[in-house]
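**Q** What follows is a protein structure lacking sequence information:
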């Protein structure tokens, strides 16, 4: 962690559709991505995590639209660009060279009729017009080598590569212009566990070398706990908890985070009966009143059924230099939180 | 139809409800189709995909057997052979210890006993039919509704068995009105309609959201206890296999490499491939810079058209010895009921056989042109 906010999201809202039937996919999201940090965004399908990423990068397509909030990108400390106000020209300069995206399905993201070499050089041709042909070719080979693929694969097509190699090509492409931020949307979900581990190890090594920050989106909280510095948990379009990865694992504060963490069977120790979270995620068109999680929450009180909690900043640190935040009425000090939701924090309270 | 009404009584033998002996499946690989006189002709097979090789397993009543492996390891092909959706190249299936009946009538009798639940409940339910239709069909087809008894009551009973209550709330719903977990429960209820004794579940939770996976896994666990079902649980997630299963079978490149009691296999893995799988699995308890051991080996599974000679894992194995490239290892008993197919367990190897060969540190590219190693052509 090398300090300084790189990307600040505040009060971001994104809807699908307009008028009274609009579905509020992201509601009032606050996030800060620091320089060189891996920020994990965890949530189930439909929780709004991909919508949030697309809104940040202005890639959200109609009927999706951004209805409020701000996103500022700090290229240098003190030099902020408002991404939501930026016009197409400004975005074109920023995209890929400053902020790049690795899409979930490498299978669909690569063009099947172009060799991967020509797709890699295409990026360079568009954004680095001064580069010569031989130079572009050399850079493409270098990028492939960086992700552990032999340079003679430049002439290969997508179908000639294994799933892991395709995803590596996607990562190489995203890093082609040495961006500051790489947004990864479920980059390893379709891969086998061994390949997934290899790619994560490579990603960690590349990040140490190149120093980019990562917004890592996944439904797999157990994976995130291992690779992320801090984690934001989303539920039904809302951020419900934000904390350092270790803090979240050892001392979750939101009942949903606790439920998610206890949904993963352990690989060692005695086999225990786990219950997961009862019920299923809500329909965004018919959200419950009050806290959106209350119908599935074992701790729900009367207040939860009536009033929606805001993201509260807690007095304790998230373990990576920020105050932790949670949206739960159990944590506002008016009631005593149950012991499993008030485990002692590792970082101690912030003085 | 009266002779097939009611529940088939299990014969009074100790044989497991379903047993597979030496199941093998080879799919032919065809070259490029060529036009000949105005029509395409399928060319002769140019090779074989060795998808499943000599797999034997027994599914005992009231037990969950998990088959764990990466994609392309042959686990779904195995399930399809057990469900008799595809015909094995060789090997036999035994139902209660006797060879399975053949012919249309025999097939129907077999599906009364053995049912399959597929991975994707979004695709395995028909979008134009409601829940009641999906659950009533198997009852009608197999003539399981007593004359005079209410079909609706039977369907409601099925919904209750998979904990979808109150039933009348779900009867008239269409698949798109249900959540993923509810859909998978309907798919399981449909499989349970014929009161089978064997349930084959092919990745039943991998398409579901994390928070509802456990609910479906616990349902399978309940069915094991309550209805004494023999369950085959196919998964790529070894942690969930450890959670649910009594026995774990690990497959690699179409072969069983290790099998044994669930906790023995995950806590004391004997085969280098099982060790690799376990070291790669996400494990929050090992989070942090020092907690995670380095991956034992890298690379990708081999081509199944031209599988490596000897042990199929040897090109990736960090412990590979000379003999591993020459001969396929037999199964060695390493503990009670725990077997591992690895030459490391052999005690009588001579020095030449046991001399280490450097594992090809792949990770770069598969040795074979990729695309050939896929599960089915």
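**A** Done, it's in. Worth saying up front: this structure is predicted, and the values here are computed from it rather than measured.

**Q** Please work out which residues outside the strand or helix carrying residue B:279 touch it.
**A** Assigned by DSSP states H and E, residue B:279 belongs to helix B:272-280. With Cβ atoms under 8 Å, 6 or more residues apart in numbering or on different chains as the test, helix B:272-280 has contacts from A:193-194, A:196-197, A:267, B:68, B:70, B:238, B:250, B:252, B:257-258, B:265-266, B:269, B:292-297, B:313, B:316-319, B:340, B:342, B:344. For glycine as for every other residue, the C-beta is placed from the backbone atoms N, C-alpha and C.

**Q** if you set the cut-off to 7 Å instead, what comes out?
**A** For helix B:272-280, the surrounding residues in contact (Cβ atoms under 7 Å, 6 or more residues apart in numbering or on different chains) are A:193-194, A:197, A:267, B:238, B:250, B:252, B:257-258, B:265-266, B:269, B:293, B:295-297, B:313, B:317-319, B:342.

**Q** Now the buried members of those.
**A** Applying 16 or more other Cβ atoms under 10 Å in any protein chain shown to the contacts of helix B:272-280, the neighbour count classes A:193-194, A:197, A:267, B:238, B:250, B:252, B:257-258, B:265-266, B:269, B:296-297, B:313, B:317, B:319, B:342 as buried.

**Q** So which of those sit within strands?
**A** Counting by DSSP state E, the part of the buried ones among the contacts of helix B:272-280 found in strands is B:250, B:252, B:257, B:258.

**Q** helices and strands of the chain: which one bottoms out on pLDDT?
**A** Going with chain A. None of the helices or strands of chain A scores lower by mean pLDDT, DSSP states H and E than helix A:106-109, at a mean of 74.

**Q** Not quite, go with chain B.
**A** strand B:34-36 (a mean of 60).

**Q** For residue A:210, which non-adjacent residue is closest in space?
**A** Nearest residue to residue A:210, sequence neighbours excluded (Cβ to Cβ, 6 or more residues apart in numbering or on different chains): residue A:178, at 6.5 Å.

**Q** State the helix or strand in which the one you found lies.
**A** For residue A:178, there is no helix or strand it lies in under DSSP H and E.

**Q** do residue A:183 as well
**A** Using DSSP H and E, residue A:183 sits within strand A:181-185.

**Q** next SSE after the longest strand seen in chain B?
**A** When chain B is parsed with DSSP E, its longest strand is strand B:45-59. Next along the chain after strand B:45-59, taking DSSP H and E as the criterion, comes strand B:64-68.

**Q** Residue B:309 and residue B:334, how far apart?
**A** Between residue B:309 and residue B:334 the computed distance is 24 Å (Cβ to Cβ, to the nearest Å).

**Q** For those two, indicate the residue with more neighbours.
**A** residue B:334 (18 against 12; other Cβ atoms under 10 Å in any protein chain shown).

**Q** Could I get the contacting residues of the more buried one?
**A** Contacts of residue B:334 (Cβ under 7 Å, 6+ apart): B:270, B:340, B:345.

**Q** Check which element follows the least confident helix or strand of chain A along the chain.
**A** Counting by DSSP H and E, the element after helix A:106-109 in chain order, helix or strand, is helix A:116-127.

**Q** Let me know whether that following helix sits next to chain B.
**A** No: using Cβ under 7 Å from any Cβ of the partner chain, helix A:116-127 never reaches chain B; the gap is at least 12.9 Å.

**Q** residues making contact with that helix?
**A** If you take Cβ under 7 Å, 6+ apart as the criterion, helix A:116-127 is touched by A:96-97, A:110-111, A:131, A:136-137, A:139-140, A:143, A:153-156, A:158, A:169, A:172-173, A:176-177.

**Q** Can you name the residues of the stretch 51-200 of chain A that neighbour chain B?
**A** A:148-150, A:153, A:159-162, A:164, A:192-195, A:197-198.

**Q** Can you flag the buried ones in these?
**A** The neighbour-count test (16+ other Cβ under 10 Å) applied to those identifies A:148, A:149, A:153, A:161, A:162, A:164, A:192, A:193, A:194, A:195, A:197, A:198 as buried.

**Q** In terms of pLDDT, where does the second one sit?
**A** Confidence at residue A:149, expressed as pLDDT, is 88.

**Q** Looks to me like it is in a helix.
**A** No: with DSSP: H, G, I helix; E, B strand; the rest coil as the criterion, residue A:149 is located in coil rather than a helix.

**Q** wait, it sits on residue A:168?
**A** Yes: taking Cβ atoms under 7 Å as the definition, residue A:149 is a contact partner of residue A:168 at 5.8 Å.

**Q** Can you list the buried residues in the lengthiest helix in chain A?
**A** Counting residues, the longest helix found in chain A (DSSP state H) is helix A:193-210. Buried residues in helix A:193-210, defined by neighbour count with 16+ other Cβ under 10 Å: A:193-203, A:206-207.

**Q** same check, this time on stretch A:313-330
**A** A:314, A:316-320, A:322, A:324-330.

**Q** And stretch A:15-32, by the same measure?
**A** Neighbour counts using 16+ other Cβ under 10 Å place A:15, A:16, A:23, A:24, A:25, A:26, A:27, A:28, A:29, A:30, A:31, A:32 of stretch A:15-32 among the buried residues.

**Q** Need phi/psi at the second one.
**A** Pointing back at residue A:16 there. Dihedral angles of residue A:16 (phi, psi; degrees, to the nearest 10) stand at phi -110, psi 120.

**Q** show me the contacts for it.
**A** By Cβ under 7 Å, 6+ apart, the contact set of residue A:16 is A:22, A:23, A:25, A:63, A:64.

**Q** The first one too?
**A** For residue A:15, the residues meeting the contact criterion (Cβ under 7 Å, 6+ apart) are A:22, A:23, A:24, A:25, A:65, A:67.

**Q** Could you say which helix or strand holds the fourth one?
**A** Secondary structure assignment for residue A:25, by DSSP H and E: strand A:23-34.

**Q** Spatially, what comes nearest to residue A:52 if we skip its sequence neighbours?
**A** Spatially, and ignoring its direct neighbours in sequence, residue A:52 is nearest to residue A:26 (4.9 Å; Cβ to Cβ, 6+ apart).

**Q** could you measure the closest residue to residue A:251 other than its chain neighbours against chain B, distance?
**A** Closest residue to residue A:251 apart from its sequence neighbours, by Cβ to Cβ, 6+ apart: residue A:343 at 4.0 Å. Counting by Cβ to the nearest Cβ, to the nearest Å, the separation of residue A:343 from chain B is 15 Å.

**Q** Surely residue A:343 is in contact with residue A:248?
**A** No: counting by Cβ under 7 Å, residue A:343 does not reach residue A:248; the two are 11.0 Å apart.

**Q** Give me the more crowded residue out of the two.
**A** More crowded of residue A:343 and residue A:248, by other Cβ under 10 Å: residue A:248, with 31 against 14.

**Q** Remind me what the strand holding residue A:25 packs against, helices and strands.
**A** Under the contact criterion of 3 or more Cβ pairs under 7 Å, 6 or more residues apart in numbering or on different chains; DSSP states H and E, strand A:23-34 touches strand A:5-16, helix A:49-56, strand A:213-218, strand A:238-244.
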